[in-house]
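Student: for reference, the sequence and a predicted model appear below.
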Amino acid sequence: MTPPRDYFEEVYDVVRLVPKGRVTTYGAIARYLSLRAGARMVGWAMNASHGKDVPAHRVINSVGVLSGKHFFGSPSVMQQLLEDEGVEVVDDRVVNFKTLLWDPSDELAL
DNA sequence: ACAGTGACCATAA
DNA sequence: CTTATGGCCACTG
């Protein structure tokens, strides 16, 4: 198949679908979109998400750590955004991460 | 074309 | 918990 479109857009689309108060992971998005690129490119896509309407603060790594908090202009912004949505964050990690995890392959696959 | 780097992931020790 | 290794692909110099 031809290049499906910019996979960036695919990633953004999924991220926008993440419900408020929930979080998802790079790996989950990569698996859902079957990106051969792997989770790394999802992060790369997020890097370009600046200026777009993409809640990148809901996208974290597989252990629930706010790996990209440093890229929000200020390290405290990402945590603030999450807590503002009802997500508890302690020591740069999401509390009840597994419970708050919104995996498209699991939630949308129905 | 090659090497280094990266908002990652999984496994191993 | 940390450190190491392999994979995966895109961007930069």
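Tutor: Perfect, I can see it now.
Student: write out the residues of chain A neighbouring DNA strand C.
Tutor: Residues of chain A lying close to DNA strand C (Cβ under 7 Å from any atom of the strand) are A:36-41, A:44. Every C-beta, even on glycine, is put in place using the N, C-alpha and C of the backbone.
Student: can you tell me which of those is closest to DNA strand B?
Tutor: Of all the residues of chain A next to DNA strand C, residue A:39 has the smallest distance to DNA strand B: 3.4 Å, by Cβ to the nearest atom of the strand.
Student: surely the closest one meets residue A:33?
Tutor: No: between residue A:39 and residue A:33 there is no contact under Cβ atoms under 8 Å: 10.9 Å.
Student: and residue A:79, what is it in contact with?
Tutor: A:66, A:69, A:89, A:92 (Cβ atoms under 8 Å, 6 or more residues apart in numbering).
Student: how much space between the second one and residue A:54?
Tutor: Spatial separation of residue A:69 from residue A:54 under the definition Cβ to Cβ, to the nearest Å is 15 Å.
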